[in-house]
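> Fold the following for me, if possible:
(chains A and B)
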Amino acid sequence: MPITFIDIERQKNWRIGLFFCLLIFLYFLFAFIIAQTIVFLFGWSNVFFVGSKIKYIAAITAFALTVSSVHFGISAFTAVDRVVEQIRAGVPDDEDGVHRVLLNVMDEIHIASGSKRQIRCLVIPTLSLNALAVTDLKGDAVIAITEGLLSRLKRDQLEAVMAHEAYHIFSGDCLEASVATSLFGVYAAAIEGVKDTVVQEFRAVPFLVLFWFLNSLGEIVTMFISREREYRADAGAVRITRNPVALAEALNLIAGRWSGSGFIHEGLEMLCISSPIPDHHDESEDWWDDLMSTHPPIGKRVDVLLQMARVSHSTLAGREKPRAVFQPEIEQLYYALDSEDTWIGPFRFSELTAFPWFTGSTKVSMIPTPSEFDDSVRSVDDIVRERIPVNLNMRTTFLCPACRQPLMKEAYVDTSVDRCVFCRGVLIDNDRIFRILARREIKCDERFRTLMRAVTADSLRSLTIRKQRLKERKLVHLTLCPRCGRSMFRSFYSYAFLIELDKCSMCRVTWFDADELDMLQCLIENKITDALVDRA
Amino acid sequence: MIAWIVIAFVSLCCFWAILSYNRLVTSRNDVRNAWSQIDVQLKRRYDLIPNLVAAVKGYMQHEKDVLENVVRARAEAMSTANLPKKATAEESLTSSLKSLFVIIEKYPVLKASDNVLRLQEDLVATENRIAFARQLYNDLVANYQIRCEIFPDMMIAQTFAFQSFEYFRADITEKKATPSAELS
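Numbers count the residues shown, from 1 in each chain, chains lettered A, B, ... in the order given. As a prediction, the model looks like this:
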């Protein structure tokens, strides 16, 4: 069904036929070289029992045609599934406030375009800022947006970005880009993933060669994809939303940030709203850059959009969705009356529990040496009672692995987490970690910096690649998964961010002790570079 | 020979007439379909408003005017059938809802309520859908009217009495007369 509202200059899909011809040619070349090598080594008559060279060429052609048909068929009909698997995109969570907005915006775009073609929207779990559209010959169409971009765009900007990607799909130019990507780019991306896991250098060589070969082929295909399509999609988005400024703002926001290099593979770049791999071709406009790049300069795209709205650059005042600002919590310290009637401290509540004389009736105070009738002197029972949440509806059936108290479900930056009100540890589903990191901002004070310096310095000291491999899945028997009760694995969040966390691979959840989530976010946002300098 | 030319000419004319008629019918159906989209979204908004009002009225004892404005505007929009008047009434309802959202922002309890937040998001989404559906409808009406008025399609349109559609836009004079909701 052609879209009724937009008068689209439907892209001719002649390029898809061209890709198929290119594929046949490549396989023909490959088969010809192999056959000629065999003939050279073993002699004509010994190898091929064929009467003439015409039959020989026909056999090679038939082989090339068959193999390329299979390759093309698999790639073109499963492009969506392969790309989605590659970027690990997931279905939006209806319980999540921000994801609900995304689903609503997708509906709005369907209505605005008047198209009956259904497009699914997915979320990519990364903090980078990018979005992509992919479709295949089956008719499946997907728009995927990164968690980072989703958390930073205001509603009108999100509408503009989604309209841009939807236009790629409605106009048909996404199909040729998807087919082009799925021919080589997806395989190159998969091999890049494998090659990174192969540690011994000599074993990685075949993967490196194959990766280079597929990447080069992908670059050849890139030459057929016009960068003009991005201008057309920008114009199409404006025709859908009637808001060029919002799209200009969104592009401006993306331009200055991480667009997914390292997460979104180079082979998928032609599907993205902005190239994830920084490339000098993207910022120039001569004929060679036009040939080699799939995206025009973002600055120029913004200029064109602002000209449409007849506004100047000064109106782009960096409008973006404000993130929730959090201060790392400072845990209350207590002084306790020990078995010899002496006030000792200060201790955290969890530290106090280690003393053998610690009971529910132990007297504690927040000041060092209170008098006997001081109001600040209370029993441990009183303090525990105060911490028990009033709203029992929020109590989950899962127990804190440290305190063995029920975890409380807590709304947190438009999603929810299970938190222990006693030790402030928090249990988070793995797919929600990115959402939380993307949607909030941590203010790093000096106390927190000191803590992080100590933690990262300790992690760095003990880290070598070999040791890390041994430690990677160290079983910690004391930390049991609150959901399934099995032992959790203690490992670093990643090689780049050395915070040790407890993970359950069965339930796909992670346990963060108090401060660990905040520390991780500060590390990711590069707020403690001085800690690394100190180490040097 | 001349007979063949006449037959060819008549066939060509018939072919063009059929093509033109089909295009007009398609356009007309697109317009009707777009209108039904607006209708669906308007109905959805009418259904959501009582839920939102019920969810917030307990906390907004001092903002009764705003709530009453919303309820009144909803009733007026639901009862109006005339298209320009309906558009005006819908705009009035949109404006009163915006005032309500501004007031909700002032109440931290309401901002923290998952139910209110959901209802608010649903209403904002519905407002946008109405705006987009209306935009689509007006564009399709414009395309259809052009098709009905340009030569030679106008001959087919007039012969088969293709009706014209009204744009869904507020009557400017009435819009000016519509009182804005109190923000305090």
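> how far away is A:Glu159 from B:Thr88?
26 Å (Cβ to Cβ, to the nearest Å). Using the backbone N, CA and C atoms, a C-beta is placed for each residue, glycine as well.
> Compare those two (neighbour count), which wins?
Higher neighbour count among A:Glu159 and B:Thr88: A:Glu159, with 27 against 24, using other Cβ atoms under 10 Å in any protein chain shown.
> now that one: how far from chain B?
8 Å (Cβ to the nearest Cβ, to the nearest Å).
> now for the helix or strand hosting that residue, which elements pack on it?
According to DSSP states H and E, A:Glu159 maps onto helix A:155-171. Packing partners of helix A:155-171 (3 or more Cβ pairs under 8 Å, 6 or more residues apart in numbering or on different chains; DSSP states H and E): helix A:97-113, strand A:131-135, strand A:141-146, helix A:228-241, helix A:244-255, helix B:114-149.
> Output that helix as PDB, restricted to C-alpha atoms.
Presented in PDB, the C-alpha positions along helix A:155-171 are these (Å, rounded to 0.1, in the frame of the first residue of the first chain):
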ATOM      1  CA  ARG A 155       9.100  14.000  22.600                       C
ATOM      2  CA  ASP A 156       9.000  16.200  19.500                       C
ATOM      3  CA  GLN A 157      12.600  15.400  18.700                       C
ATOM      4  CA  LEU A 158      11.900  11.700  19.100                       C
ATOM      5  CA  GLU A 159       8.900  12.100  16.700                       C
ATOM      6  CA  ALA A 160      11.300  13.700  14.200                       C
ATOM      7  CA  VAL A 161      13.900  10.900  14.500                       C
ATOM      8  CA  MET A 162      11.300   8.200  14.200                       C
ATOM      9  CA  ALA A 163       9.700  10.000  11.200                       C
ATOM     10  CA  HIS A 164      13.100  10.100   9.500                       C
ATOM     11  CA  GLU A 165      13.600   6.400   9.900                       C
ATOM     12  CA  ALA A 166      10.000   5.600   9.000                       C
ATOM     13  CA  TYR A 167      10.400   7.600   5.800                       C
ATOM     14  CA  HIS A 168      13.400   5.400   4.800                       C
ATOM     15  CA  ILE A 169      11.100   2.400   5.100                       C
ATOM     16  CA  PHE A 170       8.000   4.000   3.400                       C
ATOM     17  CA  SER A 171      10.000   5.300   0.500                       C
END
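> Contacts only, for A:Ile383.
A:334, A:349, A:364 (Cβ atoms under 8 Å, 6 or more residues apart in numbering or on different chains).
> Wasn't the first one part of a strand?
Looking back up the chat, that one is A:Tyr334. Yes. Looking at A:Tyr334 with DSSP: H, G, I helix; E, B strand; the rest coil, it is inside a strand.
> ok, for it, nearest residue in space, not its chain neighbours?
A:Val364 (4.5 Å; Cβ to Cβ, 6 or more residues apart in numbering or on different chains).
> who in the stretch 151-300 of chain A is up against chain B?
By Cβ under 8 Å from any Cβ of the partner chain, the residues of the stretch 151-300 of chain A that approach chain B are A:155, A:159, A:242.
> what's the answer for chain A, then?
A:4-5, A:97, A:100-101, A:104-105, A:107-109, A:111-114, A:155, A:159, A:242, A:411.
> The same query, at a cut-off of 7 Å, please.
Contact residues (Cβ under 7 Å from any Cβ of the partner chain) of chain A with chain B: A:4-5, A:97, A:100-101, A:104, A:107-108, A:111-112, A:114, A:411.
> PyMOL command to pick out the buried ones of these?
The PyMOL command for the buried members of the residues of chain A next to chain B (criterion: 16 or more other Cβ atoms under 10 Å in any protein chain shown) is given here:
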select buried, chain A and resi 4+5+97+100+101+104+107+108+111+112+114
